[in-house]
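**Q** Please find the sequence and the predicted model below.
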Amino acid sequence: MIDRRAAGAILTIDLDALASNWRRLADRLAPSGTECAGVVKADGYGLGVAPVARTLHAAGCRTFFVAQISEGIALRAALAERPAAVFVLCGLLPGTADLFAAHRLAPALSTPEQIAEWRGLSAELRAALPAPALHLDTGMRRLGLTAAEAESLLADPTALADIAPATVMTHLACADEPEHPLNAEQYDLFARLHAALPGVRGSWANSSGVFLDGAAAFEQARPGVALYGVNPTPHLPNPMAPVVRLEAPILQVRRIDAAESVGYGASHVMAAGSRVATVGVGYADGFSRALSNRGYGVLAGTRVPIVGRVSMDLTTLDVTRVPASEARPGAMIQLIGPDMPIDEVAAHAGTIAYELLTQLGRRYHRVYVGGPEGAAA
């Protein structure tokens, strides 16, 4: 943990908001009996897998998904002896079965080769492994068995008995666009294949998918980014509570006495009589260079535009509209938070909030607020 006095900015992570977001999604799914799992890959979307997972577990989450084996190992260590199922989306790669067994991780089998790898394991090793998931590609064209590969597997009772999957899953490509026709196509294909696997839990919806009608038809949903306060319904107001706040103290305020440029490339010219504040946050901290001359901060309740280029360690903002008594060295400018939502920051940067979250740097002083006792330990 970086000392607050030594850091260029303060990153506050509200674990109570994280728990509230999970409960909000779980409550939405509860009438249909659909389980609400939690996706905590990429180090809990950049917020720290240990405090994130412990908070979600305390809220009631019992099934977790990660992308890579190393993430599963870290997650299992964070949860210690807490009861939980952990699925690894990269699947069973050759020579990794012992890692899955040692850390009680379940692979998501997504290719015929991975299925063959599973079936080729010794009976003793398979018995030591949690039941896997079958990952079906219903329209993403990424990981997962094709429809033809899935149908071939379904026609082989011996193979299915060898695998004995706990879960069959897919991933939605366009769930954040409710009217996109691919949503219905993916639903229909997944429903047909899932129906051929009686007793196997179906996992269909991601964060945005929770808000589609199809989520209630299956036994599990796997929200990810919505847990962390990102809007899963971009066409509507955000139903999730903000989790992340990034604030940086002003290092210096400079008065511009004549029209002068600021920053690399002289990409912005300040008017005479204006004032520019510099904060110690830059693209080395995951604060996107694409925010140059496009993004905003908030100082004393006023939006202040980013002017000039975001550099490696520094960002400059026009604070002319803020009284000098408020725009002074040491005053905090909010770069992400309730007054500058992460979805809006991402839009200014021409990207998505997922990217901003997972790129949050390690030079910040991190503060964890709320959550169960020991969550941030």
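**A** Yep, it's here. Residues are numbered from 1 along each chain as shown.

**Q** Do a quick rundown of the strands in the stretch 251-377 of the chain.
**A** 260-262, 268-270, 275-279, 296-299, 302-305, 315-318, 332-336, 365-369 (DSSP state E, counting those that start in this stretch).

**Q** which of those strands sits most buried?
**A** Across these, averaging neighbours per residue (mean count of other Cβ atoms under 10 Å) puts strand 315-318 on top, at a mean of 26. Where C-beta positions appear, they are placed from N, C-alpha and C, glycine not excepted.

**Q** nearest to residue 40, of the strands of the stretch 251-377 of the chain?
**A** strand 365-369 (15.1 Å; Cβ to Cβ).

**Q** Output the strands of the stretch 251-377 of the chain as JSON lines; include the columns mean pLDDT and distance to residue 144.
**A** JSON lines is the format used below for these (pLDDT from 0 to 100; distance: least, Cβ to Cβ, whole Å):
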{"stretch": "strand 260-262", "mean pLDDT": "95", "distance to residue 144": "49"}
{"stretch": "strand 268-270", "mean pLDDT": "95", "distance to residue 144": "46"}
{"stretch": "strand 275-279", "mean pLDDT": "98", "distance to residue 144": "43"}
{"stretch": "strand 296-299", "mean pLDDT": "98", "distance to residue 144": "40"}
{"stretch": "strand 302-305", "mean pLDDT": "98", "distance to residue 144": "43"}
{"stretch": "strand 315-318", "mean pLDDT": "98", "distance to residue 144": "41"}
{"stretch": "strand 332-336", "mean pLDDT": "98", "distance to residue 144": "33"}
{"stretch": "strand 365-369", "mean pLDDT": "97", "distance to residue 144": "35"}
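
**Q** export these to a markdown table and tack on distance to residue 140?
**A** Below are these laid out as a markdown table (distance: least, Cβ to Cβ, whole Å):
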| stretch | distance to residue 140 |
| --- | --- |
| strand 260-262 | 43 |
| strand 268-270 | 40 |
| strand 275-279 | 39 |
| strand 296-299 | 34 |
| strand 302-305 | 37 |
| strand 315-318 | 36 |
| strand 332-336 | 29 |
| strand 365-369 | 33 |
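
**Q** what ranges do the helices span in the stretch 151-300 of the chain?
**A** Here the stretch 151-300 of the chain has its helices, by DSSP state H, counting those that start in this stretch, at 157-163, 181-195.

**Q** Fine by me, thanks again.
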